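Visitor: based on what follows, work out the 3D shape:
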Amino acid sequence: MNGAGKSTLFKLMMGKVKPSSGAIRLFGIDPWKNPAPYSRVGFVPEHEKMYDWMTAFDFIVTFARLHGLTRKEAEKEATRVLSFVSLADVMHKRIGQFSKGMRQRVKIAHALVNDPELIILDEPLQGCDPLARTTIMNVIKELGAMGRTVLVSSHILNEIERITEQIVILHQGRVLSTR
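Guide: Sure thing, here's the model as predicted:
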């Protein structure tokens, strides 16, 4: 559902927008007072901010280094997360050559670098072809099977219903239904 408040909720959770009233808690902590919870969260924004001239491998290595990993650890982690999202065979190609679905999977791999407990995916299926959607849904299912909490915003409800344990339906910023 467009305009329901899904992306705004995620922006609030990730500290990109400050709440005008009320409070946000991540793992019971107000991240506006203590940013520690963010180290336990992987976030995939709706709109991508990627470097088309970089390879997927170099992109992930760069951000893994920013998480404090050594070069060797970052390379190992990049290989692990890119394999997890089924991009091992193209990890040394430039991101600018990738389809929308492949770019989405690079973003998911990036979010998985710090081995987060909570993964937030904002419209990960948007603009993807059927094969890419299936691959991304399989990644989401696997993350859930690994005990990770995955929050997914999507207006493609029928596909998300097949892979989730719980659904919350928002409309104009209000919870309409949970199942």
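Visitor: if I look at the most far-flung residue of the chain relative to its centre, how far off is residue 12?
Guide: Each residue of the chain has a distance to the centre, and by C-alpha atoms, centre = their mean the biggest one is for residue 21: 26.0 Å. As for residue 21, its distance to residue 12 is 11 Å (criterion: C-beta to C-beta, to the nearest Å). The way it works is simple: take the backbone N, C-alpha and C, and place the C-beta from them, glycine included.
Visitor: contacts only, for the residue most central in space within the chain.
Guide: Geometric centre of the chain, nearest residue: residue 44, 3.0 Å, by C-alpha atoms, centre = their mean. Contacts for residue 44 (C-beta atoms under 8 Å, 6 or more residues apart in numbering) come out as 104, 107, 108, 110, 111, 119, 120, 121, 122, 124.
Visitor: filter those residues down to the ones in helices?
Guide: 104, 107, 108, 110, 111 (DSSP state H).
Visitor: out of the residues you listed, who's nearest residue 65?
Guide: The closest of the ones in helices among the contacts of residue 44 to residue 65 turns out to be residue 110 (C-beta to C-beta; 12.3 Å).
Visitor: buried among the ones in helices among the contacts of residue 44? Need that as a selection in PyMOL.
Guide: To isolate the buried ones among the ones in helices among the contacts of residue 44 in PyMOL, judged by 16 or more other C-beta atoms under 10 Å, type:
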select buried, resi 104+107+108+110+111
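Visitor: okay, the spatially closest residue to residue 85 that is not a sequence neighbour: pLDDT?
Guide: Closest residue to residue 85 apart from its sequence neighbours, by C-beta to C-beta, 6 or more residues apart in numbering: residue 105 at 4.1 Å. Listed pLDDT for residue 105 reads 95.
Visitor: likewise for residue 43?
Guide: 92.
Visitor: now do the one 10 residues further on
Guide: We have a pLDDT of 96 for residue 53.
Visitor: surely it is in a strand?
Guide: No: counting by DSSP: H, G, I helix; E, B strand; the rest coil, residue 53 falls outside a strand, being coil.
Visitor: that one: how many residues sit nearby?
Guide: Other residues near residue 53 number 10, with proximity taken as other C-beta atoms under 10 Å.
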